[in-house]
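Novice: the following block contains a protein sequence and its predicted model.
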Amino acid sequence: MSEKIADGKLVELTYRITDAATGSILSSVEYPITYVHGANDILSPRISDELKGREPGDTIEITFNGDEIFGPRDEALVFTDRLENVPEEYRKLGTEILMENDKGDVRTFYVTRMDDETLTVDGNSPFSGRELLFTLEILNVRDATEEELEAGAAIADDVKLEGVRMVPINGGGEA
């Protein structure tokens, strides 16, 4: 009998985020993620609640308004400049640029538009203002060790958390 997701269980899963309106896959994980259920806030409370009681092999789909998780779009975070003012290394759609304001706050901006004369960067999450479909597949559930409970994630040698990364599928085009 397989274990069910509950507080104190180490969960291994994969997920993808799809634009509910177009069906386009916006993001997915290349490697499974692991976390200790109830020990940290790696997932939104709504997703965490939906996972409770599930077991390996289950796939769940949850629809979200992107603004719920990533905040509403703010057009004040969209800037267009002449291409000649932009360093060469930033002249590619989808490029991430870290920018710091006068207060020292850092935000990621994405190159979302470029033509022969101008380049536009956007500091909004590419998921804001969209209806999103999260698809999660549960791969494994087991009791977490004491060390994992403290860390809130897997720490075993055979689990490679450093390999987890977001993979943009949409080519980094316009959000």
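Specialist: The structure has been received and is ready for your questions. Keep in mind it's a predicted model, so treat the numbers as computed, not measured.
Novice: tell me which other helices or strands the strand ranked longest in the chain touches.
Specialist: Here the longest strand in the chain is taken by residue count, with DSSP state E as the criterion, and it is strand 131-143. On a contact count with 3 or more Cβ pairs under 8 Å, 6 or more residues apart in numbering; DSSP states H and E, strand 131-143 meets strand 9-19, helix 45-51, strand 59-65, helix 66-70. Where you see a C-beta, it was placed from the backbone N, CA and C, and this is true even at glycine.
Novice: redo that, cut-off 7 Å
Specialist: The elements that strand 131-143 packs onto, with contact taken as 3 or more Cβ pairs under 7 Å, 6 or more residues apart in numbering; DSSP states H and E, are strand 9-19, strand 59-65.
Novice: of all those strands, which one is nearest Asp122?
Specialist: The closest approach between Asp122 and any of the helices and strands packed on strand 131-143, judged by Cβ to Cβ, belongs to strand 9-19 at 16.2 Å.
Novice: now the strands: where do they sit in this protein?
Specialist: Using DSSP E, strands in the chain cover 9-19, 25-29, 33-36, 59-65, 78-82, 96-100, 106-114, 118-122, 131-143, 166-168.
Novice: pLDDT of the fifth one, averaged?
Specialist: Put plainly, it is strand 78-82. In this model, strand 78-82 has a mean pLDDT of 95.
Novice: show me how far it is from its chain's centre.
Specialist: The gap between where strand 78-82 is centred and where its chain is centred comes out at 25 Å by Cα atoms, centre = their mean, to the nearest Å.
Novice: what residues sit buried inside that strand?
Specialist: Residues of strand 78-82 classed as buried: Val78 (neighbour count, 16 or more other Cβ atoms under 10 Å).
Novice: thanks a lot, see you next time.
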